[in-house]
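Enquirer: Generate coordinates for the sequence data below:
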Amino acid sequence: MASPAFIPVVAPDSTQQAIGYPSLFLLVLIGALVPVVPTGALVSSATVVAFHRTAPFSMALVFLTASLAAFLGDVALYWLGRRGMKSSNGSRWLEAIRQRAPEDRLEQARQKLADHGVAVLVLSRLMPAGRLPVMLACLVAEWPLRRFVRGNAPACLAWAATYQLIGVLGGSLFAEPWQGVLAAIALTVLISAAPSLWRRMRGSAAG
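Expert: Here you go, the predicted model:
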C-alpha cells in the first residue's frame, strides 16, 4: 500500500487555473463565433482574479488566452462568411452576421474601410457592436482571408489589452476579487450599452 506521502496533492489554486484558462479560451472563442457571450466582461473578470493571484504570469496567460481565442474565432467566422458569399444558398453564419449589422452601420463601415483600410479593423474590435459591421464590409469588399488575418491580429491584441486594463482597474480598487469582478462587469456592460443609449437619446432629441 502506498504511503500517503507519495500521493500527489493538487493545490486548489492550480486546479482553478487548469480549469479557468481552457474555459476562458472556449467561451471567448464561442463569443467570437456567436456574438451573444459578453467576452469583454469575461476577460476583465479573469484579469481581476489574476490580479489578486500570482503577479504578472497569470495576467499574461489571460492576455494570451483571450487574444488567441478571439483571433481564431474571428478568422473562423470570416472564413465561414466567405463560404456563404460564394454559396448559392448562402450561409447561416453569414445571415447571422447580416442580422447583427444594421444597414446604416454597414454603410458607415464600408466607407471607413475604403478610406482607412486595415486600421478600421483594429478600431472595430474596440468599439461596442463595431466588429460585425466591419467584418461584413470586408466580406462585401471581397477581402482575401490573408488580408483579414493581417488586420485582425493586432485588433485582437488591442482588444484583449483594453479589457485587461478594465480588469486591472477593478482589481486595484477593491480588496476582494469578487468586488473587482462585479465592478469590471458593470463597467464593461456600461461601455457596451453607451453607444446604443447615445443613439436613442439623439433620436429622441431629433424627434
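Enquirer: pretty sure Thr47 contacts Ala160?
Expert: No. When contacts are counted by Cβ atoms under 8 Å, Thr47 is not listed as touching Ala160 (9.4 Å). Heads up, the C-betas are built off the backbone N, CA and C, glycines and all.
Enquirer: and for the two, which residues touch both?
Expert: Common neighbours of Thr47 and Ala160, counting by Cβ atoms under 8 Å, 6 or more residues apart in numbering, are absent.
Enquirer: which residues touch the closest residue to Phe63 other than its chain neighbours?
Expert: The shortest distance from Phe63 to any non-neighbouring residue, by Cβ to Cβ, 6 or more residues apart in numbering, is to Ala160 (5.3 Å). Residues near Ala160 by Cβ under 8 Å, 6+ apart: Val43, Phe63, Ala66, Ser67, Ala70.
Enquirer: Tell me which helix or strand Val28 sits in.
Expert: helix 12-33 (DSSP states H and E).
Enquirer: model confidence over that helix, on average?
Expert: Taken as a whole, helix 12-33 has a mean pLDDT of 75.
Enquirer: Show me what the longest helix anywhere in the chain is packed against.
Expert: In the chain, assigned by DSSP state H, the helix with the most residues is helix 55-86. Applying 3 or more Cβ pairs under 8 Å, 6 or more residues apart in numbering; DSSP states H and E, one finds that helix 55-86 contacts helix 12-33, helix 39-51, helix 92-99, helix 131-140, helix 145-173.
Enquirer: Which of the ones you listed sits closest to Val181?
Expert: Between Val181 and the helices and strands packed on helix 55-86, the shortest gap by Cβ to Cβ is with helix 39-51, which sits at 4.6 Å.
Enquirer: if we can go back for a sec, any idea of the angle the longest helix of the chain forms with helix 145-173?
Expert: Using axes from the mean of the first three to the mean of the last three Cα atoms, to 10 degrees, one finds that helix 55-86 and helix 145-173 are set 140 degrees apart in direction.
Enquirer: in helix 55-86, what counts as buried?
Expert: Residues of helix 55-86 classed as buried: 58-59, 61-63, 65-75, 77-78, 80-82, 84 (neighbour count, 16 or more other Cβ atoms under 10 Å).
Enquirer: Residue ranges in this protein under the pLDDT threshold?
Expert: Low-confidence segments of the chain (pLDDT under 70): 1-19, 54-55, 86-105, 174-180, 183-185, 187-207.
Enquirer: switch the cut-off to 80
Expert: For the chain, applying pLDDT under 80 flags the ranges 1-19, 35-37, 52-56, 84-118, 128-130, 170-207.
Enquirer: my read: Val75 touches Arg147, true?
Expert: No. Val75 lies out of contact with Arg147 (Cβ under 8 Å); the separation is 11.8 Å.
Enquirer: one step back: now do the longest helix of the chain against helix 39-51, angle only.
Expert: Going by the same axes, to 10 degrees, helix 55-86 makes 160 degrees with helix 39-51.
Enquirer: How about the contacts made by Leu24?
Expert: Leu42, Val43, Ala46, Val62, Thr65, Ala66, Ala69.
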